[in-house]
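> quick one: sequence and predicted model below, then my questions.
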Amino acid sequence: PPRFDPADPLGIDDLLTPQELDIRAGVRRWAAERVLPGIAEWYERGELPVVRELARELGELGALGMTLEGYGCAGAGAVEYGLTCLELEAADSGIRSLVSVQGSLAMYAIHRHGSPEQRERWLPAMAAGEAIGCFGLTEPDHGSDPASMRTRARRDGSDWVLTGRKTWITNAPIADVAVVWARTEEGVRGFVVPTDTPGCSAPEIRHKWSLRASVTGELVLDGVRLPADAVLPGARGLGAPLGCLGHARYGIVWGAPGAARSCLETALEYSRTREQFGRPIGGFQLTQAKLADMTVELHKALLLALHLGRRMEAGSLTPEQISIGKLNNVREALEICRMSRTVLGANGISLEYPVMRHATNLESVLTYEGTSEMHQLVLGKALTGLDAFRG
Ligand code: TGC
Ligand code: FAD
């Protein structure tokens, strides 16, 4: 007779191919060996000291630009990529962020919208983790509303000159190349900017209480002169960066439940061994209600992620469906992390356990790649036909 597996209560593994299960196991093993031993210390120090090494190893795993074809990329399926995000974020959201920005944003933009020369120049090195990329859309005064961006690119002869400021850019201080979105006379366009170009600097943003093991910075563009061929020829209008975001948001649909899984596993184990009033706290009905509710929400989130993944593979995934996934899965993952924290009592706030680290990380994940409010409004617009963004 079928047996209930607490680690896979809905039998989702039965819906995965042997290759998908292999990839998941390989990434989980890598994260256990290479991330988990150091992560609490990196987090406490607010640094990711081994980021270049990790990037190269992620390249060897095929995790960078994982779904892209050619140029040394793995050409993997959407579910394989999703499972990779899940396992990386179960270690730390900062590691998943590194992979999202590199693969789903910077590489994806160059692969989708770049010239053959831009692709040859950057993609093989980025797929190998030898070159690190970032994606500059957000500005100090324009986050949720990138259509109002002020960064400008003007023509000077055949050159382009970029002026403006981007902020909250993952990987910017360590990046070799930045994909920068700027307003031009022809609308929003994307530029491939080697970060050693004169006038380009990327000061680090310190004092974050979330994603502390991820490097974040500004991108300052002070009259950055670029040759004519720095523009992404295929990207015209805001739809281009928003299309890249669709891919990265999909990775988060899978990643956030990874953080939640780590918290729930920790809470479950703790509830079996921690005793109060002469019995394990897992024996109290109130603790069991929490464990049951968290299990229900985690595995619903995974089913949703898998459903969206299969739709992406079939080419039938819409931006609104991605919004459903990002909105639900980050919101529920955060709730699971917070609830797990209560199960651990005071230990819940200690870095000796991963729970508070995941919970604080997910506060960023709730905000970036479109805040939860933006995803509610995307759905609100699709449901009513009324655009509430601009009131
Ligand atoms: P709107 O008029 O709706 O759209 C402008 C053009 O874009 C097209 N479009 C999309 N295309 C593909 N995918 C999507 N999801 C799209 N959404 C819109 C649209 O069809 C239109 O095309 P066209 O050809 O008609 O011009 O634009 P709007 O100004 O009304 O804005 C809509 C809104 C608010 C949903 C959009 O601006 C938005 O998504 N805002 C949130 C901004 C955001 O998500 N920023 C993220 C920055 S990157 C980041 O956070 C990386 S963190 C990574 C990490 O560390 O992991
Ligand atoms: P705002 O847009 O100012 O929003 C503030 C609040 O107002 C939010 O709650 C928002 O939902 C709400 N709000 C805004 N407009 C409306 C409205 N019309 N109706 C209702 N509510 C509204 N960006 C990049 O380009 N590249 C990156 O690599 C990147 N990495 C990041 C890494 C981290 C750690 C963080 C925290 C952010 C990163 N971001 C990045 C920026 C991120 O995408 C933005 O923070 C996000 O889009 C929100 O913009 P904002 O912070 O300016 O908030």
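Looks like it came in fine. Ligands and ions are numbered 1, 2, ... in the order given.

> ok, which stretches of the stretch 251-391 of the chain are strands?
All strands of the stretch 251-391 of the chain, identified by DSSP state E, counting those that start in this stretch, fall at 275-276, 279-280.

> can you list the strands that the first one pairs with?
Using DSSP bridges, strand 275-276 pairs in its sheet with strand 279-280 (antiparallel).

> ok so, going back, nearest to Leu86 among the strands of the stretch 251-391 of the chain would be which one?
strand 279-280 (29.0 Å; CB to CB). (Glycine included, C-beta is placed from N, CA and C.)

> distance check, whichever residue of the stretch 201-350 of the chain sits closest to ligand 2 against Ala235.
Nearest to ligand 2, among the residues of the stretch 201-350 of the chain, is Leu211, at 4.4 Å (CB to the nearest ligand atom). Separation of Leu211 from Ala235 (CB to CB, to the nearest Å): 27 Å.

> could you do Gly94 as well?
Distance from Gly94 to Ala235, by CB to CB: 28 Å.

> right, and the helix or strand after the helix or strand containing Trp181?
Secondary structure assigned from DSSP states H and E places Trp181 in strand 177-184. Using DSSP H and E, the next helix or strand after strand 177-184 towards the C-terminus is strand 187-194.

> around ligand 2, which positions in the protein sit nearby?
Counting by CB under 6 Å from any ligand atom, the chain comes close to ligand 2 at 101, 134-138, 143-144, 168-170, 211, 216, 364, 367-368, 371, 373-374, 377, 389.

> just the ones in helices from these, please.
364, 367, 373-374, 377 (DSSP state H).

> which among the residues you listed end up buried?
If you count burial by 16 or more other CB atoms under 10 Å, the buried members of those come out as 364, 367, 374, 377.

> near ligand 1 too, which of those residues?
Met374.

> tell me which residue of the stretch 101-250 of the chain lies closest to ligand 2.
For the stretch 101-250 of the chain, CB to the nearest ligand atom, closest residue to ligand 2: Gly143, 1.8 Å.

> report pLDDT for the closest residue to that residue other than its chain neighbours.
Excluding the flanking residues, the one nearest Gly143 by CB to CB, 6 or more residues apart in numbering is Trp168, at 7.6 Å. Per-residue pLDDT puts Trp168 at 98.

> I'd like to know which elements the longest helix belonging to the chain is packed against.
Using DSSP H, we find that the single longest helix of the chain is helix 239-273. Secondary-structure packing of helix 239-273 (3 or more CB pairs under 8 Å, 6 or more residues apart in numbering; DSSP states H and E): helix 78-91, helix 93-99, helix 108-113, strand 187-194, strand 279-280, helix 285-314, helix 319-343, helix 355-367.

> tell me what angle it forms with strand 177-184.
Angle of helix 239-273 versus strand 177-184, following axes from the mean of the first three to the mean of the last three CA atoms, to 10 degrees, is 130 degrees.

> from here on, call the first residue 28.
Sounds good: first residue 28 from here, last item helix 266-300.

> report the buried residues of helix 266-300.
So for helix 266-300, counting by 16+ other CB under 10 Å, buried means 267-295, 297-298.

> also stretch 152-159?
152-156, 158-159.

> return the residues of the stretch 128-277 of the chain in contact with ligand 1.
So the stretch 128-277 of the chain meets ligand 1 at 128, 162, 164-165, 171, 173-174, 197, 264-266, 269-270, 272-273, 275 (CB under 6 Å from any ligand atom).

> out of those, which two sit at the greatest distance?
Spanning the widest gap among those are Thr197 and Gly264, at 23.5 Å by CB to CB.

> the two: who's more crowded?
Thr197 (26 against 13; other CB atoms under 10 Å).

> distance of that one from Glu390?
Where Glu390 is concerned, Thr197 sits at a distance of 15 Å (CB to CB).

> what of Asp168?
Using CB to CB, Asp168 is found at 22 Å from Glu390.

> again with Gly273
23 Å.

> also Ser124?
13 Å.

> same thing with Trp195?
Trp195 is 13 Å from Glu390, by CB to CB.

> most widely separated two among the buried residues of stretch 152-159?
Ala154 and Ile159 (11.8 Å).

> confirm Cys100 sits in a strand?
No. Cys100 is assigned coil when assessed by DSSP: H, G, I helix; E, B strand; the rest coil, not a strand.

> and what about the residue lying closest to it once chain neighbours are set aside, helix, strand or coil?
Distances taken as CB to CB, 6+ apart place Gly92 nearest to Cys100, at 4.3 Å, with adjacent residues excluded. State at Gly92, reduced to three classes by three-state DSSP: coil.

> Gly92 touches Tyr108, doesn't it?
No. Counting by CB atoms under 8 Å, Gly92 sits too far from Tyr108 to count as a contact (9.6 Å).
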